[in-house]
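Peer 1: Everything below, folded, please.
(2 chains)
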Amino acid sequence: MPLRLATVALALGAAAACGRGASSPATVDDGPPAADRCRPDGKGPTECWLAVPGATLQMGAQAHDPGAPGYDPDADDDEGPVHTVQVSPFWILRSEVSVSTWVRCVGMEDCDPAAVTIEGFSTWRGPGTGAGVQVPVNNLTWDGAVALCRSIHGRLPTEAEWERAARGTDGRRWPWGDTAGCGTSASAGTTRIGQAVSVDTMALPPCDNLGPVSPEVLTGPSPVGAVGMAGNVWEWVADWYGPYDAGTRGAVDPTGPPTGTRRVQRGGGWMAAEARGLRTTVRSSMAPDARASDVGVRCVWDPSAGPADAP
Amino acid sequence: MRRSWLVPMVVAPLLAADGWRHGGMPIWPDATPAAPVDVAHPAWSVATPGWGNSTPVRVGDQWCMTSEPTWVHCHDAATGALRWKATNDRLDTLGGAARDAKAAELATFPAVDAALRQQVREVSRLRQQVRAADDPDAAARAVSAASEALDVTKARYDALHAWLTPPELDMIGWASPTVATDGTALAVLTGNGVVSVFEGDGRRRWSVWQGPPVRPMRGFDYGEATSPLWVDGRIIVGHGHLTARDATTGAVVWQDAATWDHYGTPAVARVGGQAVLATPDGRLIRARDGAVLAKDLAALTYVGPVAQGDHVWFFGGAAADRPGDVHASGWVLEPDGDGVRARNLFRATLPRKERVYTSPVVADGRLYGLLLDNTLVVLDATTGAVRSETSQETPSTTPLGAAYANPTLAGGALWLVWERGTVRRLQPGDAPSPIDDVVLPEQIRASPTFDGRRTCLRTLTHLTCYGG
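Peer 2: Purely as a prediction, here's the structure:
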């Protein structure tokens, strides 16, 4: 059961060498160190922590009744039923976890390099590479994602937390709003699938991307300021995949089914040919030991986590 | 969002018996350019095969340069007519049957590209079908397996792609390095990592691949501006690692261990009869064998030092510096046994909020440096004392934009050239005063060059000579 910042107060000691977030001792308000928090002016490191206020929200979508809450004509059956959940405050990374952070984790021996494959579309090219690379790490197993988040005092978000961060509380279809598209503009030597951006942005990348991209080139932040929550890489979450059943409706900080065979992935990835596949309510899943080049991770802060914790 | 895409460009060459920028000083002592430049009536103007930043270099009776993406081309100096052009691609490093085989392999790239994209769509389709599958676990595993197969295809794609002519790249591009020459042949480096020597008539002497494009280069997606040098029969190339190659064969003579991550070009000093390279990161390296003779003289990210005989000057800053400080230093290199020691003349800091993207020019005891905010700084070249700092922006002139061309001395004047096309001549001295301005019809990043009474300017898509 993930810890809830609203209910737990911890005095945190320094963790001198646990990758990102280790620059100074954690604060007593259960959040990440001040130096690691995102700045209001948007400057500073991309991989910073964003505060997400607690909220009650409608989770999911349905394509059956235009007059009912959560109507989305593109919704798949497993995106429903639409149900109300209450999510406590938490902190989430503004961007997907980068190769650079992965490299530090491997270097500290907190991450198993075998959790990531290194050929083809892999953004990490093996030991000795990737320092400073800000493209999301991909081809990552669920177990690898857990260890990676732990190394930066984090954990995987629950599916409810993820949707809270991506969608806000107004039920939008994409993190930036209710319209999306990808176009045919050129960009420096690469083309982009699945990097759906708002039509309000300056340029729409083409719809035939190849590979994850750096968060600096993504636009359309979510209501809480996170970038890349649609497209780029699917993001592992903590939950086992299963229907939204009676056990999750009206729940406070739901964590999904107790067991399963596949873990949930959210947000869509760079392979998506259409923007509908990148909506905030779309759910995908894979076995925990599976990996794909359009799968990565975004962590939430967990003051009780750290690289010394046992799996 | 990308960082600033402003980049320093390469320097105008000296008349080149032993290579571009011998001593690294853009001074044309024999030039007598007609002035002011008669922009409306060029002697000739020709289009280049592609757009480009590199400064033309005189090779015999030709002007030679590079253009995007990997063109090298030479023009008749009298008429501008194209004498020859060639590519500087990785495929050009092969010859005979090997080249034919690789070309045939590369011809399959469109099919591999199409197959890759089809596989991507298939993975996406499989993923969408998982939830509706009779056996979702098996379907999910199929997605993972298909993704792994996709990675195999991507590896094949990458292997081919690495040999293709790269698509044009904005701003820095692949062809910013200026060619080097021994007076009759020319050496070329393009950002794809290919190094070549061509004979003056365009025959390829050799081409080698020195390694993949440098990416990212201090935050830029590709981009190379370090120019090769031709020094005592060696081609000195800053790509990946500073490397010296035999000018006749292309074989590596020595390679420096440090990663080369600077935009500037080394300067060549002469000390005790030997050539010594002064690198942007403040080291002195013997050109003959790559021995590091001194270090920590300075740290420049965006420009290179300049040299004249046994004197070396650094003017600029490093990316790691507190933003905007401009550091200047002067050194005299003296023999020290088989090596060299550097005796410091001065160190000076100009606390500014600005970068330096052009190397300075030193003459008559003065160092002329241009800051990115278009302040012309004149220092005493021996003491570092500031003689003047003068903004070149005036209310009555067209906004200048950025300058990538190096301050240049020719015909008794100091020439400053800005990207938006303003060419300004000033009277050299402690407080240079403007003589005249002209505005070119096209953007320009290359430094001015001269040929007797002619002024030759390489704008983005043209080479034009005026006067004479």
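
Peer 1: For whichever residue of the stretch 51-200 of chain A sits closest to chain B, the count of nearby residues, please.
Peer 2: Minimum separation of the stretch 51-200 of chain A from chain B (C-beta to the nearest C-beta) falls at residue A:120, amounting to 2.6 Å. Just so you know, the C-beta spots here come from the backbone N, C-alpha and C atoms, and that holds for glycine as well. Residues near residue A:120, counting by other C-beta atoms under 10 Å in any protein chain shown, number 21.

Peer 1: Distance check, it against residue B:341.
Peer 2: 52 Å (C-beta to C-beta, to the nearest Å).

Peer 1: Which helix or which strand is home to residue B:285?
Peer 2: Here residue B:285, judged by DSSP states H and E, is contained in strand B:284-286.

Peer 1: List the neighbouring strands of that strand plus their orientation.
Peer 2: Take DSSP bridges as the rule and strand B:284-286 pairs in its sheet with strand B:274-278 (antiparallel), strand B:292-294 (antiparallel).

Peer 1: Reformat those strands as CSV; add mean pLDDT.
Peer 2: Below are the strands paired with strand B:284-286 laid out as CSV (pLDDT from 0 to 100):
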stretch, mean pLDDT
strand B:274-278, 95
strand B:292-294, 97
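
Peer 1: which of the ones you listed sits most buried?
Peer 2: When the strands paired with strand B:284-286 are scored by mean count of other C-beta atoms under 10 Å in any protein chain shown, the highest mean neighbour count falls to strand B:274-278 (a mean of 24).

Peer 1: Tell me the buried residues in stretch B:369-388?
Peer 2: Neighbour counts over stretch B:369-388 (16 or more other C-beta atoms under 10 Å in any protein chain shown) mark B:369-372, B:374-381, B:384, B:387 as buried.

Peer 1: rewinding a little: how about the strands paired with strand B:284-286 in CSV, adding distance to residue B:243?
Peer 2: Converted to CSV, the strands paired with strand B:284-286 look like this (distance: least, C-beta to C-beta, whole Å):
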stretch, distance to residue B:243
strand B:274-278, 12
strand B:292-294, 14
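
Peer 1: Please identify the residue of the stretch 101-250 of chain B positioned nearest to chain A.
Peer 2: Nearest residue of the stretch 101-250 of chain B to chain A (C-beta to the nearest C-beta) works out as residue B:151 at 2.6 Å.

Peer 1: Tell me how many other residues surround that residue.
Peer 2: By other C-beta under 10 Å, the residues close to residue B:151 number 21.

Peer 1: which residues touch it?
Peer 2: Going by C-beta atoms under 8 Å, 6 or more residues apart in numbering or on different chains, residue B:151 touches A:117, A:119, A:120, A:121, A:122, A:139, A:293.

Peer 1: Give the phi and psi angles for the residue of the stretch 51-200 of chain A closest to chain B, as a check.
Peer 2: Note on residue A:120: backbone dihedrals following degrees, to the nearest 10 are phi 60, psi -120.

Peer 1: secondary structure class for the closest residue to it other than its chain neighbours?
Peer 2: Residue nearest to residue A:120 in three dimensions, not counting chain neighbours: residue B:151, with 2.6 Å by C-beta to C-beta, 6 or more residues apart in numbering or on different chains. Three-state assignment for residue B:151 (DSSP: H, G, I helix; E, B strand; the rest coil): helix.

Peer 1: And the strands in the stretch 101-250 of chain A?
Peer 2: Remark: strands assigned in the stretch 101-250 of chain A by DSSP state E, counting those that start in this stretch are A:154-155, A:234-240.

Peer 1: Could you say which one of the ones you listed comes nearest to chain B?
Peer 2: Of all these, strand A:234-240 sits nearest to chain B, with 8.6 Å by C-beta to the nearest C-beta.

Peer 1: Residues contacting the closest one, please?
Peer 2: Contact with strand A:234-240 is made by A:2, A:96, A:140, A:142, A:145, A:155-159, A:161-162, A:229, A:255-269, A:284, A:292, A:294-298, as judged by C-beta under 8 Å, 6+ apart.

Peer 1: For ChimeraX, write a command that selects the buried ones of these.
Peer 2: Buried members of those, defined by 16+ other C-beta under 10 Å, are picked up in ChimeraX with:
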select /A:2,96,140,142,145,155,156,157,158,159,161,162,229,255,256,257,260,262,263,264,265,266,267,268,269,284,292,294,295,296,297,298
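
Peer 1: one step back: nearest to chain A, out of the buried residues of stretch B:369-388: which one, please.
Peer 2: Set against chain A, the nearest of these by C-beta to the nearest C-beta is residue B:372 (20.8 Å).

Peer 1: Wait, the closest one touches residue B:401, no?
Peer 2: No. Using C-beta atoms under 8 Å as the test, residue B:372 is too far from residue B:401 to be in contact (10.3 Å).

Peer 1: Tell me where chain A is predicted with low confidence.
Peer 2: A:1-29, A:43, A:180-220, A:246-250, A:273, A:307-311 (pLDDT under 70).
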